[in-house]
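Asker: Below are the sequence and a predicted model for it; my questions follow.
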Amino acid sequence: MFFRKSKPPRYPRRLRLPIVRRRQPMRYHMKHQFATRDLAFLQTMHALTGAPLSPDNRVEILKNGVQIFPSMLAAIRGARKTINLEFYIYWDGQIGRQFAEALAERARAGVAVKVILDAVGSAGMSQSLIDFMQRNGIDMEWYHPIRWYTLSRANHRTHRKLLVVDGETGFVGGVGIADEWLGDADSKEHWRETVARVEGPVVAQMQFAFMDNWVKSRGELLTGLDYFPPLVKCGSHVTQVIKSSPSEGSSTVKLMYIVSIVSATKSICIASAYFVPDRDTIRALEGAVRRGVEVRVIVPGEHVDVPIARQASRWHYDLLLRRGIRIFEYQPTMMHAKTMVVDGIWSTIGSSNFDDRSFRLNDEVNVNVYDEGVAAEMERMFFEDLSKSEEITSRKWLRRPWWDRIKERLAGRLKPQL
């Protein structure tokens, strides 16, 4: 054993800092002019997000920790030159120790291992685990550590969950390195999650997303073939990686959601851990329903890590239900996935939630795939989750207790911070 066990950290599961400098919400409005299967959709998505859609990639969808962690650890253990890891949450525990030992072994073997952890999300990591990683040659940076002279950026966090190995294989999703993601969503302690494993030319975009915050944190440029090797064709998936940050002046992830929803013609399937839509996204969803699009949303039920975020989400239910948007609460455990499938061809998997925090405060990263096969797999997973969810009908919603209504109204006032 390389490090001692530590007591569970006494801090909120998802710490929310007060907004120090208020940012005006980014307002986007778009009319339905083309469908997701039109060339105009792909051209517009490229133009507005700034990220090209790259062909010839291979995307594998991983469901829950039982698939996610073995795949990530196998990639790390097979690394030859570089490992870049950026996570919002890295906590002590069984899986945290496994990742630390795998990263340390590769660092001792001469692999350049660089790690960015959010200073708030990973605040509970024990000093013994930090010392172990640094002692074994792992190069670590803390993103936006809290200091009295940096309070103006205290609410700007990296919420990205990103792993890139040898510049050839990448992982993006909503997972954190913590025991909550172990298992197969088989108990209330093991959360439901989705991650994309990617190989092919688009991995260069994932590497650039990591380099973006490494430069901000360390000021060091990562260059050369060890980080950006020639990438060969690996499959047939048309894929895009988008990164979003408030420092860029626009919300790339919100633009992606708006364009996707407004272009839908048949179906929209959304799974979101924190579903607190703003005025623009509500208008886009309402417009989709008016066009005859079937809109279904899966959100957490009673098993949730941030109860106030769930209350803020429920504050919108009446408005959404009256506009024909179907809402389902996942029952077995915490629904932590952040995915959307549109018209059986366009899928997004990433770190971004459907809320103000992801739209305008956090750094996020998503993988988008334009492929019917991947979309069909995503839809199968979605409907499996739907079978384990309880639909919230208007009749049921109107009969909820009065104290729930009070909690929802109070949480709604805090919406800009959730």
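Answerer: It's in.

Asker: okay, CA-based contacts and neighbour counts for the rest of this
Answerer: OK.

Asker: pLDDT on stretch 147-164, on average?
Answerer: Averaging pLDDT along stretch 147-164 yields 79.

Asker: gap between the two ends of it?
Answerer: Using Cα to Cα, to the nearest Å, the end-to-end distance of stretch 147-164 comes to 30 Å.

Asker: Stretch 258-274 now?
Answerer: Stretch 258-274 has an end-to-end distance of 17 Å (Cα to Cα).

Asker: Where do the strands of the stretch 301-418 of the chain begin and end?
Answerer: 326-330, 339-342, 346-350, 364-370, 389-392 (DSSP state E, counting those that start in this stretch).

Asker: Quick check: which of those is nearest to residue 54?
Answerer: Across the strands of the stretch 301-418 of the chain, residue 54 has its closest neighbour in strand 364-370 (9.5 Å, Cα to Cα).

Asker: Partner strands of the closest one, with direction?
Answerer: The pairing partners recorded for strand 364-370 under DSSP bridges are strand 237-244 (antiparallel), strand 346-350 (antiparallel).

Asker: With mean pLDDT, distance to residue 75 and mean neighbour count added, can I get those strands in CSV?
Answerer: CSV is the format used below for the strands paired with strand 364-370 (pLDDT from 0 to 100; distance: least, Cα to Cα, whole Å; neighbours: other Cα atoms under 10 Å):
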stretch, mean pLDDT, distance to residue 75, mean neighbour count
strand 237-244, 96, 20, 25
strand 346-350, 98, 19, 27
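
Asker: So which of the strands of the stretch 301-418 of the chain is nearest residue 204?
Answerer: strand 364-370 (12.4 Å).

Asker: Centre of the chain to the closest one, how far?
Answerer: Distance of strand 364-370 from its chain centroid, counting by Cα atoms, centre = their mean, to the nearest Å, is 9 Å.

Asker: one step back: can you put the strands of the stretch 301-418 of the chain in a markdown table and add distance to residue 308?
Answerer: Listed next are the strands of the stretch 301-418 of the chain as a markdown table, based on distance: least, Cα to Cα, whole Å:
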| stretch | distance to residue 308 |
| --- | --- |
| strand 326-330 | 15 |
| strand 339-342 | 22 |
| strand 346-350 | 23 |
| strand 364-370 | 22 |
| strand 389-392 | 19 |
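
Asker: List just the one of those that sits closest to residue 201.
Answerer: Minimum separation from residue 201 across the strands of the stretch 301-418 of the chain (Cα to Cα) falls at strand 364-370, 13.0 Å.

Asker: can you list the residues that contact the closest one?
Answerer: For strand 364-370, the external contacting residues (Cα atoms under 8 Å, 6 or more residues apart in numbering) are 158-162, 172-173, 196, 209, 237-245, 253, 345-352, 358, 375.

Asker: list the buried ones in that strand?
Answerer: By neighbour count on 16 or more other Cα atoms under 10 Å, the buried set for strand 364-370 is 364, 365, 366, 367, 368, 369, 370.

Asker: One more: stretch 40-53?
Answerer: 41, 42, 45, 46, 49, 51, 52, 53.

Asker: Could you identify the most distant pair in these?
Answerer: Using Cα to Cα, the buried residues of stretch 40-53 span at most 13.4 Å, a distance reached by 41 and 51.

Asker: Bridge partners for residue 195, pull those for me.
Answerer: Taking DSSP bridges as the rule, residue 195 bridges to residue 62, residue 173.

Asker: Tell me the confidence at it?
Answerer: pLDDT, residue 195: 98.

Asker: so what's it up against?
Answerer: Contacts for residue 195 (Cα under 8 Å, 6+ apart) come out as 61, 62, 63, 64, 68, 171, 172, 173, 174, 175, 349, 350.

Asker: which SSE is the fifth one in?
Answerer: Translated: residue 68. Counting by DSSP states H and E, the element that carries residue 68 is helix 64-77.

Asker: quick one: which helix or strand includes the nearest residue to residue 139 once chain neighbours are set aside?
Answerer: If the residues on either side of it in the chain are set aside, residue 139 comes closest to residue 114, at 4.7 Å by Cα to Cα, 6 or more residues apart in numbering. Using DSSP H and E, residue 114 sits within strand 112-118.
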